[in-house]
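Novice: everything below, folded, please.
(one chain, ligands or ions: 1)
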Amino acid sequence: MENENKNLMEKIISLSKRRGFIYQGSEVYGGLAGTWDYGPLGVALKNNIKNLWWKMFVDSREDMYGIDAAILMNSEVWKSSGHVDTFTDPLVECTKCKRRFREDQLKEKDVCDDCGGKTGEARQFNMMFATQIGAVEDSSATVYLRPETAQGMFVNFKNVVDSFHPKLPFGLAQIGKAFRNEITPRDFIFRVREFEQMEIEYFLKPADWEKYFEYFRGEMLQWMEIIGIDMNHVHELEVGDGDRAHYSARTVDFEFDFPFGRKELYGLAYRTDFDLKNHGLTYQDEDTNEKITPHVIEPSFGLDRTVLALMASAYTEDTNGEEVRPYLAFKPSVSPVICAVSPLLKNKPELREYAHIVYRMLKDEFGRVMWDDNGNIGKRYRRQDEIGTPWCIVVDFDTLTDDSVTIRDRDTGMQERIKKEDIVDYIKDKLN
Ligand code: ATP
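Specialist: Got it, this is the predicted structure:
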């Protein structure tokens, strides 16, 4: 089993690079630990996830306000939020080989993962990246790259209330980059130093927190199911008293069985009034004039971990005789390419011309459509299967007389003949 999982991880990493999902960051200069670059297919997958998330948690709701705050924030924000003092991980160094590790991630307590030497005393290491702003280099010019998107929402709480006058409960939502100087980035895009989060801060009356905690727990599970994460590999974990982040009075982690083990995918936290209180922000009910500090439920989704969980959920191999066929069984709604269009033969202008009209029609409708005329049809199918394209459309000689095309299904390999004018509806039907 362990070998199988190691293999799966290697397959995902190699497919990602080969087919243009994810590349090592700064690769031509030997890379930069903890950074990855998304290629054309990776960015398409990420955008589909972000759009679905925004649709579910912002656009389709009446109580959610989207924002996009700056990554650089006044350092007072991070003092008030507690991050300057407490956003730390325990760092240990091997007394023999001097390599550094996060103490709670060592395979064996007090033993170096690399050389088996004894590790020294732990010290707290702050994970925020500091940089200097402006031309003067003194401590007053220190700013931090945000380690979570959450604070961007807390410090805009009053702005949104003043502009839109929402009634409690309501939420702010944001998708954006966050940065953490992880001691040991590892496991591909699972633990990185630059990543994206999709977060909600949901403001409510203190007495309502349990109700909405349960509500968002359900919403998060539903989200995972909608996008196609394998729910058999999702587990909820009630995070114990000593293990919660400094701001949380209750946390449930949603863990996923990644190929390298069961690890946190998402978190749901009850942040109480910790942040608003520390920023000195309150809310006045316009009807009763009552002034309160709302409490907060925070569903937090890591985007890169979503990508990895989706790839691990979707990766499938079936065998037809000797041959192994690997494919990514993405749902059409997240799939980077929704369909590929090919002329049966590459060198027949009349087929190419017709296929190009079909390609253009579908591209105008769906955007993420690929033209593929390399190699024989079998090879094209294999290539599209590997990147998770649900449908391949082929224009052949019959098309020229009956205006029908062949549409082939990725998962079953079944082929159907449909009229050109019905292709868009055929795909739309399956998208919903
Ligand atoms: P971990 O315990 O794995 O370090 P965390 O509990 O510190 O994670 P949170 O602070 O709850 O994570 O962050 C919210 C979400 O952001 C996580 O559930 C995860 O999806 C994502 N995330 C956090 N750190 C990273 C990272 N270094 N790389 C990629 N995603 C991350």
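
Novice: which non-adjacent residue is nearest Glu236?
Specialist: Sequence neighbours aside, Val252 is the residue nearest to Glu236 in space, at 5.5 Å (criterion: C-beta to C-beta, 6 or more residues apart in numbering). Any C-beta I mention is one placed from the backbone N, CA and C, and that applies to glycine too.

Novice: so what's the one you found up against?
Specialist: Listed by C-beta atoms under 8 Å, 6 or more residues apart in numbering, the contact partners of Val252 are 213, 217, 236-239, 267-268.

Novice: by neighbours, which of these wins?
Specialist: Leu268 (24 neighbours; other C-beta atoms under 10 Å).

Novice: my hunch is that that residue is in a strand, does that hold up?
Specialist: Yes. Counting by DSSP: H, G, I helix; E, B strand; the rest coil, Leu268 is part of a strand.

Novice: quick one on the thing from earlier: measure the residue nearest to Glu236 to Gly218 for me?
Specialist: Separation of Val252 from Gly218 (C-beta to C-beta, to the nearest Å): 11 Å.

Novice: what's opposite the residue nearest to Glu236 in the beta bridge?
Specialist: Glu238, Leu268 (DSSP bridges).

Novice: Thr306 belongs to a helix, doesn't it?
Specialist: Yes. Assigned with three-state DSSP, Thr306 falls within a helix.

Novice: mind jotting down where the strands sit in the stretch 1-150 of the chain?
Specialist: 22-24, 36-38, 64-66, 72-73, 88-93, 100-102, 123-126, 130-132, 142-145 (DSSP state E, counting those that start in this stretch).

Novice: distance from the chain centre to the fifth one, please.
Specialist: Looking back up the chat, that one is strand 88-93. 26 Å (C-alpha atoms, centre = their mean, to the nearest Å).

Novice: gap between the closest residue in space to Leu237 that isn't next to it in sequence and Lys177?
Specialist: Nearest residue to Leu237 in three dimensions, chain neighbours excluded: Asp253, at 4.5 Å (C-beta to C-beta, 6+ apart). Using C-beta to C-beta, Asp253 is found at 22 Å from Lys177.

Novice: out of the two, which sits in the more crowded spot?
Specialist: Asp253 (20 against 13).

Novice: from Gln222, how far off is the residue of the chain found nearest the ligand?
Specialist: As assessed by C-beta to the nearest ligand atom, the ligand sits closest to Gly302 within the chain, at 2.0 Å. Noted for Gly302: a distance of 18 Å to Gln222, by C-beta to C-beta.

Novice: the two: who's more crowded?
Specialist: The neighbour comparison of Gly302 against Gln222 (other C-beta under 10 Å) goes to Gly302, with 23 against 11.

Novice: tell me what the more buried one is bridged to.
Specialist: Applying DSSP bridges, one finds that Gly302 bridges with Gln197.

Novice: mind listing what it touches?
Specialist: 195-198, 265-266.

Novice: just these that are near the ligand?
Specialist: When contact is defined as C-beta under 6 Å from any ligand atom, these meet the ligand at 195, 197, 265-266.

Novice: which one is Lys50 nearest to, not counting chain neighbours?
Specialist: Closest to Lys50 by C-beta to C-beta, 6+ apart is Ile175, at 5.5 Å.

Novice: kindly report the same for Asn5.
Specialist: Pro259 (4.1 Å).

Novice: so how many other residues sit close to the one you found?
Specialist: 22.

Novice: swap in Val405?
Specialist: Val405 has 23 nearby residues by other C-beta under 10 Å.

Novice: and what of Gly240?
Specialist: There are 8 residues near Gly240, going by other C-beta under 10 Å.

Novice: quick one: pLDDT of it?
Specialist: At Gly240, the model reports a pLDDT of 95.

Novice: repeat that for Ser139.
Specialist: 68.

Novice: who's in contact with His165?
Specialist: Glu286.

Novice: quick check: it vs Asn159, distance?
Specialist: Counting by C-beta to C-beta, the gap from His165 to Asn159 is 12 Å.

Novice: with Gly228 instead?
Specialist: Gly228 is 36 Å from Asn159, by C-beta to C-beta.

Novice: could you check which of these two is surrounded by more residues?
Specialist: Legend: neighbour count by other C-beta under 10 Å for Gly228 and Asn159, higher for Gly228 (18 against 13).

Novice: confirm for me that that one is in contact with Thr316.
Specialist: No. Between Gly228 and Thr316 there is no contact under C-beta atoms under 8 Å: 11.9 Å.

Novice: cool, thanks, signing off.
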